[in-house]
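[1] One predicted model, sequence on top.
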Amino acid sequence: MTTQEQWIEPLGLSASQWKFLSRPGAYVACSGGKLDPNSTPRQFTTARDILERMNGSNGLDVRRGVLLADDVGLGKTNVAILVAWVIAAGGERGRVKILVPNNVMRRKWVDDLKFHVPLLNICAPALDVNASRVRDGKVGRLRNGCINVLNHSHAGASSNLACDLLIIDEAHRAKGEHSAFSRELMRQKKAAKRILILTATPFSIRLEELQRMLSLIGADQAAVQSSVRSYSRALDDLYSAKTARDPSAVAKRLVLKAEAAVDALSKCVIRHGVDDLPKEKAAFGERGEWTIRVAAANTDELELMLRMNRAQRVAKMGGAFNTRSMLDPRFDVGWRHLDVEREALTGVADGLLAPEGQVVQYHLKTMVLLRAKVATHPKIDAVAKEIVNTVGRGEKVLVFCHHHATAQELAIHLEKVLQPQELIRQLSEGQWRKAWLQLFEEVSFHSNHTPALLQVFVDWLCGGLIRSQTQSWFISQPRSTVSLKTALLVNKGRDAAGSETIFAAACRLYDAMLRSKSCLNVLKVMYENKEERLPGSNGTARVIAVCEAPADGTARSLFLHNKQPDTVIAIFNSPFGPDVLVATDKLSEGVDLHRYCRHLIHYELDPSPIRTIQRNGRLRRVDNWAAVTNKPIMYAYPAFAGTRDQKLVQIMKKRIDSFSLLLGGVQDIDLEEIVGVDEAWRNQVIEIAKSSLLKQSGKLVAKANYKSH
């Protein structure tokens, strides 16, 4: 046992309280098919390993904390929930606090914690768990045996993080030294007896960020820090401008430093990669390259962007200090933000003195003429056409943007080009309503269910878009209420290979909405105000956007659910509703969007490769739509050729390929500083080191030594 950790007492758990973790098969059977038989055993092994380290079982040192850094979609939440319930319900009933980034994730954690209660009561009766012990965002004294799920913002100056186990989800948000969240965690780190950190990657290009995370879990020994510091320097060296050196020598040094760092971290870090788990990989589906060709920028388009940049620079020189002086990346992917900036520049141009004022006025007049010649942005036009074709084949599409203005422009254009589905009027709306209600009468739902709320939900199912979608999934069109009920019970939505029938999907969606406080409130508001509608109610909204609504009120119905993303997420995870979801990175982590979608477009990239990996993880999850239909997940990185956008996409794709090799130590992209020849040298070094670096991830996998008695 290390000197720094001698003060830590074992958890005092008996074997009977966690022996269920040696029988994952029985647990999967009790779940009724809701848990994956391939992933659950590895999740159980990981949970056992974490408990063994924290408890000091089987001759292991007692660990104050563990950093779990599995790939996105491998079930870190399930692992943490198992650990949380064992500590909360076992022994002397510990107190558990879970910190999550936002309300959406908090509600998901609460639901997932309660999902495990009946399974644990069957498979681990010694724990005696109860759903009433889960506290949803309640601040105050935490009783023994309870689990409190709180937002990151709870970790404020007036908070108290005292507990037996503190779980920090999406902990990469706590890495920044200057964030209030990070400072408060460091101040109160000893208030929690044990800490479990969940993050998508164990490494960062910035040494101080990883050091801070290691310090939180009590792994700040000199040997660990020295190895990590040395590896970090090797990464800094890789991304430096010293590219005249022998690539083979640099690659060899990088491998040696990575090996030493992984060896040191193996006692406190657990990591699994999807590609390293052959039994589970099939449940994630294959990955495919989705090529969307965008026409190269023509002279008018290039001139428009350059004149805007020139006008902004001159205006800044003339004293307009709130004006950008560098080329805005939003100009490469849409015209909406350029128009906003042009209007703002027009407002300050008259106040500029000569000669700056005259130059800006000239550029503004020329831009008006150019803008009239380039109506729709070429990238928006190309991507929209591809989306229309994909939706026409019965698929859903997820699109990520980095800026709100870009998401707004794309969503508004998509609404114009996505034509409403044809509605075959063989049966009246009344017959549809009658069929749905008769089917629902035989099903028991969550306790929040009321006839009034069901009426609202059925009204939505009988709306134009949902009826036309449902009709398109029928093998043969029903001609009576009775045959319609049969069709809903027999046919599957979106794809004949789908795992659930249309009616089963509707029941799952309605039940999910009843269980979500946010969705439940939306249904209640709709019942009281008939003007409020769910996405797809008006028969034409085949696209929905989770971003800020345009200030001018344009197409406001597309952005109606910006403040209630739970509703949009629930509907997108069903076969029903809008076919296209346009989102900013608010939805890039912590949410599932994979149940009926296997097409993702990175329309606009964040400079961070980690963000891109997280976006991909919204679809690449266990039992996603790709795996269910035996088709690949299609990722698209469209690029506006001839602009900075094309350069960003090219570099990003290379760095994503290097992400796992470098254990997450991939630098963010700054196009102002990257030189093409340097990037080529860097890629050569990584290619040389590739085979050796691939072996390192296997050293961080869970190695539970638990044996049932």
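    Received it, and whenever you're ready, just let me know what you need. Numbering: from 1, shown residues only.
[2] Touching, Ser14 and Glu92? I think so.
    No: using Cβ atoms under 8 Å as the test, Ser14 is too far from Glu92 to be in contact (11.2 Å). In this view, the C-beta of every residue, glycine as well, is placed from N, C-alpha and C.
[3] Next secondary structure element downstream of the top helix by length along the chain?
    Ranked by number of residues, the top helix in the chain under DSSP state H is helix 103-123. Heading C-terminal from helix 103-123, the first helix or strand you meet, by DSSP states H and E, is strand 134-136.
[4] wait, what's in contact with Arg644?
    Contact analysis of Arg644 by Cβ atoms under 8 Å, 6 or more residues apart in numbering lists Leu327, Pro329, Asp332, Leu671.
[5] These into a markdown table, with extra columns for pLDDT?
    Below are those laid out as a markdown table (pLDDT from 0 to 100):
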| residue | pLDDT |
| --- | --- |
| Leu327 | 75 |
| Pro329 | 87 |
| Asp332 | 93 |
| Leu671 | 87 |
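[6] Tell me the buried residues within those residues.
    In the contacts of Arg644, burial by neighbour count holds for Leu327, Pro329, Asp332, counting by 16 or more other Cβ atoms under 10 Å.
[7] can you pull the contacts of the second one?
    With contacts defined as Cβ under 8 Å, 6+ apart, Pro329 is in contact with His402, Glu604, Arg644, Asp645, Leu648, Leu671.
[8] Which of the contacts of Arg644 sits closest to Gly288?
    Nearest to Gly288 among the contacts of Arg644 is Asp332, at 25.4 Å by Cβ to Cβ.
[9] gap between that closest one and Val391?
    Per Cβ to Cβ, to the nearest Å, Asp332 is found 25 Å from Val391.
[10] Likewise for Lys138?
    Going from Lys138 to Val391 by Cβ to Cβ gives 43 Å.
[11] which one of these two has more residues nearby?
    Neighbour count, other Cβ atoms under 10 Å: between Lys138 and Val391, Val391 has more, with 21 against 12.
[12] Now the more buried one. Nearest residue, chain neighbours left out?
    Asp579 (4.4 Å; Cβ to Cβ, 6 or more residues apart in numbering).
[13] and the one you found, how many neighbours does it have?
    Each residue near Asp579 was counted by other Cβ under 10 Å, and the total is 27.
[14] if I pick it, what's in contact with it?
    Asp579 neighbours (Cβ under 8 Å, 6+ apart): Val391, Glu395, Lys396, Val397, Leu418, Arg542, Val543.
[15] Can you name every helix or strand that the strand or helix carrying the fourth one contacts?
    In other words, Val397. Val397 is part of strand 396-400 when elements are defined by DSSP H and E. Applying 3 or more Cβ pairs under 8 Å, 6 or more residues apart in numbering; DSSP states H and E, one finds that strand 396-400 makes contact with helix 378-392, strand 580-583, strand 597-602.
[16] Out of those, which is the most enclosed?
    Ranked by mean neighbour count, those are led by strand 580-583 with a mean of 27 (mean count of other Cβ atoms under 10 Å).
[17] hang on, Asn148 is in a strand, isn't it?
    Yes: under DSSP: H, G, I helix; E, B strand; the rest coil, Asn148 sits within a strand.
[18] Turn the contacts of Arg644 into TSV, including distance to Pro378 and secondary structure.
    Below are those laid out as TSV (distance: Cβ to Cβ, whole Å; DSSP: H, G, I helix; E, B strand; the rest coil):
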residue	distance to Pro378	secondary structure
Leu327	17	coil
Pro329	16	helix
Asp332	10	helix
Leu671	20	coil
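[19] between those residues, which is nearest Pro101?
    Nearest to Pro101 out of these is Pro329 (Cβ to Cβ; 25.1 Å).
[20] Nearest to Ala555, out of the contacts of Arg644: which one, please.
    Relative to Ala555, the closest of the contacts of Arg644 is Asp332; by Cβ to Cβ it sits at 23.1 Å.
[21] Now do the same for the residue nearest to the closest one when sequence neighbours are not counted: its pLDDT.
    Distances taken as Cβ to Cβ, 6+ apart put Asp645 closest to Asp332, at 3.7 Å, once the chain neighbours are dropped. Reported pLDDT at Asp645 in the predicted model: 95.
[22] isn't Asp645 right up against Gly334?
    No: applying Cβ under 8 Å, one finds Asp645 not in contact with Gly334, separated by 10.4 Å.
[23] overlap in contacts of those two?
    Common neighbours of Asp645 and Gly334 are listed as Lys379 (criterion: Cβ under 8 Å, 6+ apart).
[24] Now do the strands in the stretch 101-250 of the chain.
    Ranges of strands within the stretch 101-250 of the chain are 134-136, 147-151, 165-168, 195-198, based on DSSP state E, counting those that start in this stretch.
[25] Adding mean pLDDT, distance to Ser518 and mean neighbour count, write those strands out as a markdown table.
    Shown next, in a markdown table, are the strands of the stretch 101-250 of the chain (pLDDT from 0 to 100; distance: least, Cβ to Cβ, whole Å; neighbours: other Cβ atoms under 10 Å):
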| stretch | mean pLDDT | distance to Ser518 | mean neighbour count |
| --- | --- | --- | --- |
| strand 134-136 | 91 | 12 | 20 |
| strand 147-151 | 92 | 14 | 22 |
| strand 165-168 | 94 | 22 | 27 |
| strand 195-198 | 92 | 23 | 25 |
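[26] Show me the one of those that comes nearest Ala244.
    strand 195-198 (39.5 Å).
[27] about what we covered before: pick the one among the contacts of Pro329 closest to Arg682.
    Closest to Arg682, out of all of the contacts of Pro329 and judged by Cβ to Cβ, is Leu671, at 15.0 Å.
[28] My guess is that closest one contacts Leu648. True?
    Yes: contact criterion Cβ under 8 Å: Leu671 and Leu648 qualify, at 6.0 Å.
[29] Show me the helices in the stretch 251-400 of the chain, by range?
    For the stretch 251-400 of the chain, applying DSSP state H, counting those that start in this stretch gives helices covering 278-281, 299-317, 336-349, 356-373, 378-392.
[30] Give me the pLDDT value at Ala157.
    Ala157 is assigned 55 on the pLDDT scale.
[31] okay, now the nearest residue to Phe559 once chain neighbours are set aside: neighbour count?
    Closest residue to Phe559 apart from its sequence neighbours, by Cβ to Cβ, 6+ apart: Ala549 at 3.7 Å. Ala549 has 18 neighbouring residues, counting by other Cβ under 10 Å.
[32] pretty sure Ala549 contacts Ile412?
    No: with contact defined as Cβ under 8 Å, Ala549 does not reach Ile412; the gap is 10.7 Å.
[33] and Lys524, what is it in contact with?
    Taking Cβ under 8 Å, 6+ apart, we find Lys524 in contact with Leu453.
[34] which SSE is it in?
    Going by DSSP H and E, Lys524 is in helix 517-528.
[35] With that, I have no additional questions.
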